[in-house]
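Enquirer: here is my input, please return the structure:
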Amino acid sequence: MVALPEFCEGILHFDEAYTERFPEVAPWLQTPVLREGQTRLTDLTQPAAAFQTLLYADALRYLTLQITASKASGHPGGFASQAEAYAALVLLGHKNILTEVGHHAPGFYSAMFLDRSLEAMDIFTVQQLGDRFRELHGLLGHLSGYIPGILAPAGPLGQGQHFAMAAALLHPETLFPFTLGDGGLGEPYPMSSMIHFHEAYPGVTNFLPVLVWNGFSQEHHSMVATKTNEQMMAYWHGNGFEEVVLVDAKDFDDTGSENPYVDSTQFSLKQRLTFTQAVLQGVDEATRSALSGKLTVFILKQLKGAGAHALGAKSHNLYAKDTLAAPHMVAAMQRRALPVAAWALVRTNAERAGGGPAQEVAVTETVQPLPDLGELPLNAFLLGDKQVATTAMGALVAAVGEHDRTFVVTNADGNEASGIGNINQALKIRHPIADALYNQMPTGQVYEPLSEDACAGLAAGLALMGGRSLWCSYESFAINGLPIWQTVTQAMAELRRPTPSTICLFTAGALEQGRNGWTHQRPEIEAYLAAMQRNGNVYLLFPPDANTVQVCYEWALTTHNKGIAIVASKSPLPVRLTFDQGRQALQQGAIVLQELPGEKTVVLAVAGDMVLLPVLEAAERLQQEGIGTRVVSVVNPRRLYRPASVAWETCAEPDGEFLGNREFDELFAGDALLGVAGGPAAVLEPVLLRSRLPRDVVAWRRGETTASPDLLFQYNNLSPDKLADRAAALLL
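Expert: Below you'll find the model as predicted:
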């Protein structure tokens, strides 16, 4: 009788008749295939290699079933259909595995438990694994930055390749496989982003898509379910993949199934081993190919839910009826149950593979060393000068790239269009065609795919993986890249290590885009970011001029684990603050730009730069009516919240600096307050919440085609006359 390992406490089902049914496996249960000090399988032909890979796959399936059933919640089916591929990757020494499928979370948690990574979370037994699943400060329903050994978050489909490509760029000698579901393959982003990346970085092939081709999405057949193997391979070849390695479980089926997608766990043991051997060899071939400079994909074709409680899309999700005591769940776990001796083997192999637990060896478990940037070449413009803020920041961006050659700037619509052509001149657009006229070079540091998702994905992915980056976008288009940027910033809030903040420059706001119509006038992105500020690690900055934008970027470069969006104009506008004043505004959240006396005082709280033009003109008109004004530039609204409004204390790199009540009153005291925003009113929420004055807000309403910004101001009630009238009305 084999003693029960301590970590097995909580396992509900064992199969102690296993060797009676399969006596031939007894010798393979004696010794781990990975000996002490061995980090990967070298002899794939030994029978024990395939058998212990199979044991690992079934252990992952069993744990996935039990922990999801422990809460009658979660997603076991997708991971179960590719368990052999995951097991093969690990036993071949690869621990830097990512996924774009958040629904694979319970499978990844099972893997992190088996290699002892979760001991860093005080999870030592299967009982604790189930207890902490889907609980606060435990194992979240989808992957996050909180879990030891997990390289990247996963949730929305179509994101995983960005993390893998960013990691591959920073760590050229390491392989980064990532699982991609055939449901996710239907998204428009994964393939296009990989192909553009490959054109830009043809030598960076050390990322490996592992397509989980199981025939189903979440609730129905996948859109690629009808493709033949030849068609699927042609699809990848046609998109530039040099090596396509496909293993189809159907080729090993001895059950007589007529379905093109089959469940290998229903095969005879002999055929299960033959299938697993093929997966091992296929994964080995694919990983070697990717590391040798060939763009490669590994495809495992197996029915969704293989070895789970149900098959097809029905295996995707557990519901209230799917408890540990439910007969169908008990039967499913009993089918996947292993003998006690197998659990010890599986754990030993999992821990030794790759050189130790993922929590110790994954590249994201240590801080990425970065070159010192030295002193940035700030350019102090004279007050009153008209300067382009984005161009001023561009000079600093160029300096960062010259000091840090891993630094990447991304932009889908072109830097020159945003007044930051100086970035291209200094760092060059990365392009296979060298052309001095267009500032193109194959070694450039400016990445320009025509996709905001690809821009945000690579930039945010690089920051998450420990590198420096900058995502530049027209404000009106950035919305298409925000989902992955949000995923990363939320992950950074709970990350286990410091990493450079993910920084954005959003240019060409709606007020500058009058002649382009509503397609270029979508400042609602600011409302999205304004809401994110309550996360605790997101900052939406509105520098009013070319001096302040420089100190905003200077500060952003010194921060860690934050998402910082700088909104600046590409038009020449007056310089209103010195560097010291800009730093003060950044620190306290806002600063007084101008005060004009009068019998009563209206505070004009303004977020933006170009919108200051009609505001300052309105202040002059109000003074003519005997009404005083104080124009306050809201530069860093996150600092203006009350501390309790923001989840700052739960962030990995907490920032609890907020403007005190006395200081707030000094800025915003008066007889009435009018908030003014060239974008949505939401950016002024902290001011409007804290002020006790009669107050209102005038903000963006809707885009329209106009011949000038002035007409667009008028259309949105942001003209000087409209602002003055609204301010005066507050005093009645």
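Enquirer: low-confidence regions, the chain specifically.
Expert: Residue ranges of the chain with pLDDT under 70: 1.
Enquirer: domain map for it?
Expert: Domain segmentation of the chain under automatic domain parsing yields 50-362, 386-580, 591-729.
Enquirer: quick one: end-to-end distance for the second one.
Expert: It refers to domain 386-580. Length of domain 386-580, first residue to last, Cα to Cα, to the nearest Å: 19 Å.
Enquirer: likewise the last one?
Expert: Counting by Cα to Cα, the length from the leading to the trailing residue of domain 591-729 is 25 Å.
Enquirer: what about the strands in the stretch 551-700 of the chain?
Expert: 563-567, 572-574, 590-596, 600-607, 627-634, 672-677, 695-698 (DSSP state E, counting those that start in this stretch).
Enquirer: how near is the spatially most central residue of the chain to residue 474?
Expert: Centre of the chain computed as the mean C-alpha position; nearest residue by Cα atoms, centre = their mean is residue 488, 3.3 Å away. From residue 488 across to residue 474, the span is 20 Å (Cβ to Cβ, to the nearest Å). Yep, even glycine has a C-beta here, placed from its N, CA and C like the rest.
Enquirer: and the strands in the stretch 401-550 of the chain?
Expert: Counting by DSSP E, counting those that start in this stretch, the strands of the stretch 401-550 of the chain are 408-411, 429-430, 440-441, 446-447, 469-474, 502-507, 538-541.
Enquirer: can I get those in a markdown table including distance to residue 279?
Expert: A markdown table is the format used below for the strands of the stretch 401-550 of the chain (distance: least, Cβ to Cβ, whole Å):
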| stretch | distance to residue 279 |
| --- | --- |
| strand 408-411 | 35 |
| strand 429-430 | 36 |
| strand 440-441 | 41 |
| strand 446-447 | 35 |
| strand 469-474 | 36 |
| strand 502-507 | 36 |
| strand 538-541 | 42 |
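Enquirer: just put those in JSON lines and tack on mean neighbour count and distance to residue 395.
Expert: Output for these, formatted as JSON lines (neighbours: other Cβ atoms under 10 Å; distance: least, Cβ to Cβ, whole Å):
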{"stretch": "strand 408-411", "mean neighbour count": "28", "distance to residue 395": "13"}
{"stretch": "strand 429-430", "mean neighbour count": "22", "distance to residue 395": "17"}
{"stretch": "strand 440-441", "mean neighbour count": "18", "distance to residue 395": "20"}
{"stretch": "strand 446-447", "mean neighbour count": "26", "distance to residue 395": "15"}
{"stretch": "strand 469-474", "mean neighbour count": "28", "distance to residue 395": "13"}
{"stretch": "strand 502-507", "mean neighbour count": "28", "distance to residue 395": "13"}
{"stretch": "strand 538-541", "mean neighbour count": "27", "distance to residue 395": "18"}
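Enquirer: residue 235: which of those strands is closest?
Expert: Evaluated over the strands of the stretch 401-550 of the chain, closeness to residue 235 peaks at strand 446-447, with 25.0 Å, by Cβ to Cβ.
Enquirer: name the helices or strands packed onto the closest one?
Expert: Under the contact criterion of 3 or more Cβ pairs under 8 Å, 6 or more residues apart in numbering; DSSP states H and E, strand 446-447 touches strand 408-411, helix 421-427, strand 429-430.
Enquirer: in TSV, list these along with distance to residue 100.
Expert: Shown next, in TSV, are these (distance: least, Cβ to Cβ, whole Å):
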stretch	distance to residue 100
strand 408-411	19
helix 421-427	29
strand 429-430	24
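Enquirer: of the ones you listed, which is nearest residue 480?
Expert: strand 408-411 (12.8 Å).
Enquirer: contact partners of that closest one?
Expert: Around strand 408-411, the neighbours that count as contacts under Cβ atoms under 8 Å, 6 or more residues apart in numbering are 169, 397, 401, 415, 418, 423, 427, 445-449, 454-456, 458-459, 462, 467-473.
Enquirer: one more time with 7 Å
Expert: 397, 401, 423, 427, 445-448, 455, 458-459, 462, 469-473 (Cβ atoms under 7 Å, 6 or more residues apart in numbering).
Enquirer: contacts only, for the closest residue to residue 505 other than its chain neighbours.
Expert: Leaving aside its chain neighbours, residue 505 sits nearest to residue 472 (4.7 Å; criterion: Cβ to Cβ, 6 or more residues apart in numbering). Residues near residue 472 by Cβ under 7 Å, 6+ apart: 409, 410, 411, 415, 418, 420, 505, 507.
Enquirer: try 10 Å this time
Expert: Going by Cβ atoms under 10 Å, 6 or more residues apart in numbering, residue 472 touches 390, 393-394, 397, 409-415, 417-418, 420, 423, 446, 448, 455, 459, 478, 503-507, 566.
Enquirer: also residue 653?
Expert: 492-493, 495, 497-499, 501, 536-537, 559-562.
Enquirer: got it, and residue 170?
Expert: Contacts of residue 170 by Cβ under 10 Å, 6+ apart are 176, 204, 363, 368, 406, 461, 462, 465, 466, 467.
Enquirer: for those residues, which one is nearest residue 68?
Expert: Nearest member of the contacts of residue 170 to residue 68, counting by Cβ to Cβ, is residue 176, at 26.7 Å.
Enquirer: mind pulling up the phi and psi values for the closest one?
Expert: phi -130, psi 90 (degrees, to the nearest 10).
Enquirer: contacting residues around it?
Expert: Residue 176 touches 94, 96-98, 151-152, 160-161, 163-170, 206-208, 290, 363, 465, counting by Cβ under 10 Å, 6+ apart.
Enquirer: show me those that map onto helices.
Expert: 160, 161, 163, 164, 165, 166, 167, 168, 169, 170, 290 (DSSP state H).
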